[in-house]
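[1] Next input, structure requested:
(2 chains)
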Amino acid sequence: MEITDNELTTPLSEKAQPTTESAAVSPAASELERLLTHEDVDRARDRWEVVRARRKGAAGSFGGVRLLWLLVGPGVLVFLGENDAPSMLSYAATGARFGIGFFLPFVILTFVMGFVVQEMTVRLGAVTHRGHAELIFDRFGRFWGLFAMGDLVLGNFLTLVTEFIGVRAGLGFFGIRPSIAVGVTLVIVLGAITTGRYWTWERITMGLAIFNALFVPAALLARPDWHLVGHAMLTWTPLPSGSHYEILVLILADIGATVTPWMLFFQQSAVVDKGLQPRDINAGRVDTALGTLLASTFAIATILATVPLFHHGINASDFQGAQFAEALEPWIGHLGASLFALGIFEAGIVAAIAISTSSAYAFGEVMHTGHSLNRPVRDAWPFYLTLIGSACAAAALVLIPNFPLEFVVLTVNVIAVLAMPPALAFLMLLVNDREVMGDYVNGFWGNLAGVTVTILLIIAGIGFGLATVFPKWLGG
Amino acid sequence: MDSEHVHLGGHQAGLERDPVIADAKQPDLEDPHVVLSLLESDQLVAAKRRTHFGPRRLSFGVRFLLWSLRVYVVVMMLLALLSVLRAAHLIR
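    Now for the predicted structure:
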């Protein structure tokens, strides 16, 4: 079987249309048979497993569970990936500064916002089989596409730097040198992608991502007052007190810890690479909901783990990962502090994998080069080079002596929130585009939720802007 | 929307009802027709290379929205930079 696409010479002029037609009954089937790639065969293998599980599910055995196991992935990864080092540090700072109160339900709300927008990327990916960057360039042209890519590249690179800061800080707690911590992370990123199979990459990364749960035992060791937690969840009180500017920045950081541009690009591309089809959309929703549930649980756990710092009046405003763990040690013990530090390390690794993959997908889509983890390295070397290159560049920056790491950590989540409204505008326009989505366009409630999230983010951004220009108004 | 029962046009045959794979216990993925039976027509690399959705017409309202948000991002990024410089000054 021919498995290279070197002989593709047909002009790129035909207009794509949403379809669920089997390739086998396509008028171009004979030509497509001749042009099959390694990527197509691997994707067909994954689809076969889904077909088999669906049959077993229909027969009433455990096929339904297996089907879910086969179809989950992008949603869980995107949310656990976004529970990254700067996000966990934002949650830790929130718990240490304000304790149990308003921010617990607020963080849940940000995850609901995250679910609303990520569900749209599932539909876009499953229906169009195109990545987010490719669709933006296709439908809005190069001019607007370059703006979207500019936001993505800047945000992704800064975030990637913070992941390596987290890795360095997390392992720093155990006395491991920064160069070794960063080197280990690069080896793990490299190991995950060199399998040449999306499925294997996804399972390895999910296996690593589940260690985000380390924050749960750390929280339990902090012995939270569950009565207060329940009260805060129901009443959104006590409200945070102190500098309004500081509160606003933490609100922005917590939103930026959950809703960011790279997530849109990553999940849609991962859905495409996984080979999801329109009939898998409901499973994709379950996957996204599962990711939301897991990530929000671990985020809340992180806040609860650092509440002892709030109760003992310890100023954690300038803390990094290892410093949080060290400060917590007297209250949650060496085990709890170690779990916290390992959690920051894990958060950095998984996000480094997901974010560098997001950049590589977008690059491949825009440059029309191979952009699938199902491709061997020799067939898609620009894709893999972007992935590894971005990770190496970020890692190198972190190792530069006296590099102002705190600047990057301070800005990264805020920049994510500020760059989100244009990304959401592209998303909403695409998901309402009947030429692209056919019958899968957004309904009224989807649009209402999407527009509400966009407006909330713009308001938060404008609030931040006003507070920056007029800091005395908010006690900054 | 119940995606199980919605078809977007074109051939109505569900992929998994294709006679080649309907009763197969283990499909022969060396057979190109089997691969095609498992994938949608616009899911193949060659098909995606050959077809694109093409640019949409951007109405005045859409262009206004995109430009407004672009200005918003540029202004906000400058303010974020200002905020970081202030914070850095405080840290030092």
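
[2] State whether residue A:232 and residue A:106 are indeed in contact, as I suppose.
    No: assessed by CB atoms under 8 Å, residue A:232 is found out of contact with residue A:106, at 9.7 Å. For glycine as for every other residue, the C-beta is placed from the backbone atoms N, C-alpha and C.

[3] Those two: which is more packed in?
    residue A:232 (20 against 17; other CB atoms under 10 Å in any protein chain shown).

[4] In terms of pLDDT, where does that one sit?
    Listed pLDDT for residue A:232 reads 96.

[5] Wait, a helix at residue A:265?
    Yes: counting by DSSP: H, G, I helix; E, B strand; the rest coil, residue A:265 falls inside a helix.

[6] you'd agree it is up against residue A:135?
    No: counting by CB under 8 Å, residue A:265 sits too far from residue A:135 to count as a contact (10.3 Å).

[7] ok, these two, which is more surrounded?
    Taking neighbours as other CB under 10 Å, residue A:265 and residue A:135 compare with residue A:265 leading, 29 against 25.

[8] okay, residue 60: pLDDT?
    Looking at chain A here, since you left the chain open. The model reports residue A:60 with a pLDDT of 66.

[9] my bad, chain B
    pLDDT recorded at residue B:60 is 96.

[10] Around it, how many other residues sit close by?
    7.

[11] ok, it to chain A distance?
    Distance, residue B:60 to chain A, using CB to the nearest CB, to the nearest Å: 14 Å.

[12] for the residue nearest to residue A:141 when sequence neighbours are not counted, helix, strand, or coil?
    Take residue A:141 and drop its neighbours on the chain: the residue closest to it by CB to CB, 6 or more residues apart in numbering or on different chains is residue B:55, 5.2 Å away. Here residue B:55 is recorded as coil under three-state DSSP.

[13] how many other residues sit next to residue B:55?
    Neighbour count of residue B:55, defined by other CB under 10 Å: 13.

[14] Contacts only, for it.
    If a contact means CB atoms under 8 Å, 6 or more residues apart in numbering or on different chains, then residue B:55 has A:138, A:139, A:140, A:141 as its contacts.

[15] Over to residue A:413?
    Counted by CB under 8 Å, 6+ apart, residue A:413 has contacts A:86, A:87, A:90, A:252, A:253, A:254, A:255, A:256, A:257, A:260.

[16] Which of those has the largest number of neighbours?
    In those, the most neighbours by other CB under 10 Å go to residue A:260, 31 neighbours.

[17] Once you drop chain neighbours, what's closest to it?
    For residue A:260, ignoring the flanking residues on the chain, the nearest one in space by CB to CB, 6+ apart is residue A:416 at 4.0 Å.

[18] Just the element for that neighbour, please.
    helix A:405-431 (DSSP states H and E).

[19] which is the next helix or strand following that helix?
    Next in sequence after helix A:405-431, counting helices and strands by DSSP H and E, comes helix A:434-437.

[20] residues contacting residue A:286?
    By CB under 8 Å, 6+ apart, residue A:286 lies in contact with A:68, A:71, A:72, A:75.

[21] List every C-alpha atom in the one helix or strand residue A:217 maps to, with coordinates, as CSV.
    Of the helices and strands defined by DSSP H and E, residue A:217 is found in helix A:215-221. What follows is helix A:215-221, C-alpha atoms only, in CSV (Å, rounded to 0.1, in the frame of the first residue of the first chain):
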residue,chain,number,x,y,z
PHE,A,215,-2.8,18.1,45.4
VAL,A,216,-5.8,16.2,46.8
PRO,A,217,-3.8,14.3,49.6
ALA,A,218,-1.9,17.6,50.2
ALA,A,219,-5.2,19.3,50.8
LEU,A,220,-6.4,16.6,53.1
LEU,A,221,-3.2,16.9,55.1
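
[22] What's the mean pLDDT across stretch A:198-210?
    Per-region confidence: stretch A:198-210 scores 95 on mean pLDDT.

[23] What are the buried residues along it?
    Neighbour counts over stretch A:198-210 (16 or more other CB atoms under 10 Å in any protein chain shown) mark A:198, A:199, A:201, A:202, A:204, A:205, A:208, A:209 as buried.

[24] per-residue confidence at residue 4?
    As the question left the chain open, I've gone with chain A. Per-residue confidence at residue A:4 stands at 44 (pLDDT).

[25] wrong one, chain B
    33.

[26] Please apply the same query to residue A:228.
    If you check residue A:228, the pLDDT there is 95.

[27] Name the nearest residue to it, sequence neighbours excluded.
    Closest residue to residue A:228 in three dimensions, ignoring its sequence neighbours and counting by CB to CB, 6+ apart: residue A:100, at 4.7 Å.

[28] Report pLDDT for that neighbour.
    At residue A:100, pLDDT is 94.

[29] so what's it up against?
    Here residue A:100 is in contact with A:224, A:225, A:228, A:229, A:232, A:303, A:304, A:307 (CB under 8 Å, 6+ apart).

[30] measure it to residue A:240 for me?
    11 Å (CB to CB, to the nearest Å).

[31] cool, residue A:23 as well?
    Distance from residue A:23 to residue A:240, by CB to CB: 55 Å.

[32] Same drill for the two, tell me which one is more crowded.
    Neighbours per residue (other CB under 10 Å) separate residue A:23 from residue A:240, with residue A:23 holding more: 29 against 19.

[33] Quick check: phi and psi on that one?
    Phi and psi for residue A:23, reported as degrees, to the nearest 10, are phi -60, psi -30.

[34] report the angle between the axes of the host helix or strand of residue A:462 and helix A:405-431?
    Assigning secondary structure by DSSP H and E places residue A:462 in helix A:444-469. Computed with axes from the mean of the first three to the mean of the last three CA atoms, to 10 degrees, the direction of helix A:444-469 lies at 150 degrees from that of helix A:405-431.

[35] List the buried residues of helix A:444-469.
    Buried positions in helix A:444-469, judged by neighbour count with 16+ other CB under 10 Å: A:446, A:449-450, A:453-454, A:456-458, A:460-461, A:463-465, A:467-468.
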